[in-house]
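**Q** fold the stuff below for me.
(one chain, ligands or ions: 1)
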Amino acid sequence: MTKKVHIPVQLIIEHGAIPNLPQSPVFDWLKGQKVLMVSGSGKTRRVTEQVQEVIVGHAATVQVLTCQSNSLDTINELERHVLEDPPDIIIGAGGGKALDVSKVVGTRSNVPVILFPTAISSDAICSPVAVIKMLNKSTSIGVKMPQAVIIDLDVLSSCPPRLMSAGIGDLLSNKTALFDWHLAHRAGKEEMNTFANLMANNAVESFMNTLNQDEYDESLLKVASEALIMSGIAMSIAGSSRPCSGSEHLISHALDYHCGAKALHGEQVAIGVLFSQYLQGRVKRIEWLAPYYEKLGLPTHYEDLGYTREEMHRAIQMAPSMRNRYTILNEVELTDEEIDRILDEVYPVEAKNRYDLKGLTVG
Ligand SMILES: [Zn+2]
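**A** The predicted model follows:
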């Protein structure tokens, strides 16, 4: 039996990808087409203008709409616009919100989407999942994969370090997520897709191997971008976010739903990974990720992300109820005392004040 898997037709990750666009096959797709650009607000708007300058005169028309948020209202408004004046292609340019909104509107109106991420803050840059805000709560929904993803490394290299930390947190979570998937499979709760498992694991392994080399600074952005894209494709193969989302994501979702969503998705996931990894280590020895946190300057204490001890405690309690997803949290009995003891052990006082939140606000 075979399965149809959707992956982008074109992936371009290089320095100067935007000015060099006329040399890529994607440029041919745009010839004589009606293009709608969905742009992020703020500094990412400059990247939209860069793309616009390259394609104007080649595409039949280029219209730019700015996306202020990923709320359902914004999506409905954009969708109405698309239905009234249907474009041939939607280009999403910006950080997470503009990309998510482009994917949702493209899926609902059946228009192909090309993405130009301006940061690699999560594996959503190339995934069949988008996060939208409904009634002030973030929800993940299934969407079509983009037709092309174009990452200009010159653009990424000037993005705030917090976004990069978040992306790497989201990538490292493949390890704990895959552990949970195997648990679910062994418990007879879920099918295992070995190819998706292989891809998600190779994505994070290739990144870790690069980090273990002596000189990695130059190649890190490219390798991280590739690894996050591979993670997105692993999700497309699995038909769900399973290969890249386990108990550590449930903890992050609980922080969003019950504790005010104070930090970036990938930052919260990085904090969740530390807790999940501790629990998983009791079941079977697993590879400890702490040295990578040290090396990359990832957050190691929930207080550095603005959460109190009580909020973190509540997030751990609520995590299993966030999704119908079997994880390590289903296999351990966590009393209040036990949660407190583990919080002390996983997030010791000395893990505080190591993470710099400067340069970006979350909203
Ligand atoms: Zn994630």
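**Q** which residue is nearest the middle of the protein?
**A** Centroid check for the chain by Cα atoms, centre = their mean gives Ser122 as the closest residue, at 2.2 Å.
**Q** how much space separates Asn200 from Phe179?
**A** Residue 200: Ala, not Asn. 11 Å (Cβ to Cβ, to the nearest Å). (C-beta placed from N, C-alpha, C; glycine too.)
**Q** and if you look at Trp29?
**A** Trp29 is 40 Å from Phe179, by Cβ to Cβ.
**Q** those two: who's more crowded?
**A** Neighbours per residue, other Cβ atoms under 10 Å: of Trp29 and Phe179, the larger number sits with Phe179, 24 against 18.
**Q** for the closest residue to that one other than its chain neighbours, helix, strand, or coil?
**A** Setting aside the residues directly before and after it, Phe179 is nearest to Gln280 in space (Cβ to Cβ, 6 or more residues apart in numbering), at 5.0 Å. Assigned with DSSP: H, G, I helix; E, B strand; the rest coil, Gln280 falls in the helix class.
**Q** number of residues surrounding Gln280?
**A** 25.
**Q** what number of residues lie near Met230?
**A** Neighbour count for Met230, taken as other Cβ under 10 Å: 24.
**Q** list the residues that contact it.
**A** 199-200, 202-203, 206 (Cβ atoms under 8 Å, 6 or more residues apart in numbering).
**Q** distance from the chain centre to stretch 194-209, please.
**A** On the basis of Cα atoms, centre = their mean, to the nearest Å, stretch 194-209 sits 16 Å off its chain's mean C-alpha point.
**Q** secondary structure class for Ser276?
**A** helix.
**Q** residue ranges with poor pLDDT in the chain?
**A** Residues of the chain that meet the criterion pLDDT under 70 lie in 216, 283-287, 358-363.
**Q** how close does the most far-flung residue of it relative to its centre get to Phe27?
**A** In the chain, counting by Cα atoms, centre = their mean, Gly57 sits farthest out from the average C-alpha position, at 33.4 Å. The span separating Gly57 from Phe27 equals 12 Å under the rule Cβ to Cβ.
**Q** now Pro117. Nearest residue, chain neighbours left out?
**A** Ile125 (4.4 Å).
**Q** in the longest helix anywhere in the chain, what counts as buried?
**A** Longest helix in the chain by number of residues (criterion: DSSP state H): helix 161-186. Neighbour counts using 16 or more other Cβ atoms under 10 Å place 162-185 of helix 161-186 among the buried residues.
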